[in-house]
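K.L.:
Quick one, fold the following:
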Amino acid sequence: MDKLRVVFAREYLERVRTRWFLIATIFGPLVFGALIFVPPWLASRSKASSDVSRIVILDATGTSLGRSVASELNGGLQGDTSRTAVRAVTPATLAAAESLATRESISNTVLGYLVLDSATLAGRSARYAGTNATSSADMERLQKIVQTKVLELRLAQAGVNPFESTALTKIDVDLNADRISQRGRGGSAKVSIYFAFAVALLLYTSILFYGQAVLRSVIDEKQSRVAEVVVASVPARTLLAGKVLGVGAVGLTQMLIWVAASYALVRLRVQMLTHMGLPIGQSILPDISLSLAIVLLLFFLLGYIFYAALFAAVGATVSNEQDAQQAQMPIIMLLIVSIFALTPILTAPQSTLAYTMGWLPFSAPIVMPLRMSVVSLEPLDIGTALVILACSCYVAVWLAARVYRTGLLMYGKRASVREVLRWVGRAH
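P.N.:
Residues are numbered from 1 along each chain as shown. Model (predicted):
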């Protein structure tokens, strides 16, 4: 136990004292802060500009559609439509009118011009050209107004009173979906989906990053011949366990700092957005219970141990970084499979695919937290996944220890699959 503690302390302190640990620890809250404040800032700047009505409408429909669009662009019946020039044209004079409007746009007399023709009346298309054509907010406003006014015109032609058609067509339904769990309403379903994605990606990147840190640590010890000295005084299994636990503790420390900083940002979010004059919007975190947080942490720890043992075994079979890049690809592909399955599992979190990948040890550390973030799972399902993952960790560590014990002292070549299998089958 004393030797395990020494190895653990060495691996832990060696990493938390580095400059890169400090940079990565600070970078996490900065990214989370950007996710809190950048979207509201972008939303505040994505509104249609007040100048969008300074355009020319070329109306080749032979109806009052152009005037209706101009009126709506300027605030309705009470608006000042002088900012929008409506020019009635025919199909024969449309090309000349477009050339004139193009010259006016180039000279900045107007922002651009909108063409309404028979295709617009048929509900198929309208055309716009202008200096603000790349503004998605301006284009969305123009499109919505044209769609509404074409519908009003059709209703009027069908005999519906104009005032009634306006009331009938001005509908903007916003569907707000709340997730219901066994504890009751659990907040916005959209937020739960975003949170599930964030949790899955955080677990994926953390397991991959710290698992590869174990691999690089093994290779460094082999290249520096430190392994020869260490193995002489510390059993290979103890050395492997100390390395895996030490690097894992570094990851856990970093994640706890990230969680604490993120929690503080969430608590101060409303006050800071209000002070900055930005829209508050909905909460960015769903209702998270203490039990859910503990289970998420268990999946991270077990998933890390499972993959770290495999990465350590790979590191023991190679002698340089170049060979390691190739040898670790099968392990990385196991992780990537889980990421590819995120979208179909979010679409159907109770499907056979979701159940199966939630129990497989290579995908459970990512898939189960994803499912738990969007739907309520039975405790038996969660417990079964944890037990399977824990047993898989034991098997992975046992296999890795056998490979590690022999491969750690091998230099100069990359072990073949047959050699690795022989190491695994060799008795203690």
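K.L.:
C-alpha only now, for contacts and for neighbours.
P.N.:
Noted.
K.L.:
Doesn't residue 110 lie inside a helix?
P.N.:
No: assigned with DSSP: H, G, I helix; E, B strand; the rest coil, residue 110 falls outside any helix and is coil.
K.L.:
And the strands in the stretch 51-200 of the chain?
P.N.:
Taking DSSP state E, counting those that start in this stretch, the strands of the stretch 51-200 of the chain run over residues 56-59, 85-88, 112-116, 127-130, 178-181, 184-188.
K.L.:
What's the first helix or strand after the top helix by length along the chain?
P.N.:
Among the segments of the chain that qualify as a helix by DSSP state H, the longest is helix 236-276. Tracing the chain past helix 236-276, the next element assigned as helix or strand by DSSP states H and E is helix 290-317.
K.L.:
Now do the buried residues in that next one.
P.N.:
295-317 (16 or more other C-alpha atoms under 10 Å).
K.L.:
now the longest helix of the chain against helix 290-317, angle please.
P.N.:
130 degrees (axes from the mean of the first three to the mean of the last three C-alpha atoms, to 10 degrees).
K.L.:
can you map out the helices along the stretch 51-200 of the chain?
P.N.:
65-73, 94-106, 118-121, 136-157, 162-169, 189-223 (DSSP state H, counting those that start in this stretch).
K.L.:
Using the centroid of the protein, identify the residue furthest from it.
P.N.:
residue 92 (51.6 Å; C-alpha atoms, centre = their mean).
K.L.:
Read off the pLDDT value for that one.
P.N.:
Per-residue pLDDT puts residue 92 at 91.
K.L.:
I'd like the numbering to begin with 33 instead of 1 from here.
P.N.:
With 33 as the first residue, the last one maps to residue 124.
K.L.:
distance of it from residue 190?
P.N.:
The gap separating residue 124 from residue 190 is 29 Å, by C-alpha to C-alpha, to the nearest Å.
K.L.:
Give me the domain ranges for this structure.
P.N.:
For the chain, automatic domain parsing gives the domain ranges 34-74+221-457, 88-201.
K.L.:
which one of these has the lowest average pLDDT?
P.N.:
domain 34-74+221-457 (a mean of 77).
K.L.:
So what's the residue count around residue 156?
P.N.:
9 (other C-alpha atoms under 10 Å).
K.L.:
Next, give phi and psi for it.
P.N.:
phi -100, psi -50 (degrees, to the nearest 10).
K.L.:
Dihedrals phi and psi, the residue farthest from the centre of the chain?
P.N.:
Given degrees, to the nearest 10, the pair of backbone angles that residue 124 has is phi -70, psi -30.
K.L.:
Residue 407 against residue 381, yeah?
P.N.:
Yes: assessed by C-alpha atoms under 8 Å, residue 407 is found in contact with residue 381 at 7.2 Å.
K.L.:
More neighbours: which of those two?
P.N.:
Taking neighbours as other C-alpha under 10 Å, residue 407 and residue 381 compare with residue 381 leading, 23 against 18.
K.L.:
Double-check that that one belongs to a helix.
P.N.:
No: using three-state DSSP, the assignment for residue 381 is coil, not a helix.
K.L.:
Please report the distance of the closest residue to it other than its chain neighbours from residue 372.
P.N.:
Closest residue in space to residue 381, ignoring its immediate chain neighbours: residue 403 at 5.9 Å, by C-alpha to C-alpha, 6 or more residues apart in numbering. Residue 403 is 15 Å from residue 372, where distance means C-alpha to C-alpha.
K.L.:
just residue 97 next, same as before
P.N.:
48 Å.
K.L.:
Which one's more surrounded, those two?
P.N.:
residue 97 (23 against 10).
K.L.:
so who does that one touch?
P.N.:
91, 148, 181, 182, 185 (C-alpha atoms under 8 Å, 6 or more residues apart in numbering).
K.L.:
Kindly indicate which of the residues you listed lies nearest residue 167.
P.N.:
Distance to residue 167 across the contacts of residue 97 (C-alpha to C-alpha) is lowest for residue 148, with 19.9 Å.
K.L.:
ok, that closest one touching residue 94?
P.N.:
No: in this structure, residue 148 is not within contact of residue 94 by C-alpha under 8 Å, at 9.7 Å.
K.L.:
who's more crowded, those two?
P.N.:
residue 148 (24 against 13).
K.L.:
Chain neighbours aside, what residue packs nearest to the more buried one?
P.N.:
residue 91 (5.0 Å).
K.L.:
Residue 131 versus that neighbour, what's the distance?
P.N.:
From residue 91 to residue 131 the distance is 15 Å (C-alpha to C-alpha).
K.L.:
Ok, residue 266 next?
P.N.:
On the measure of C-alpha to C-alpha, residue 266 and residue 131 end up 84 Å apart.
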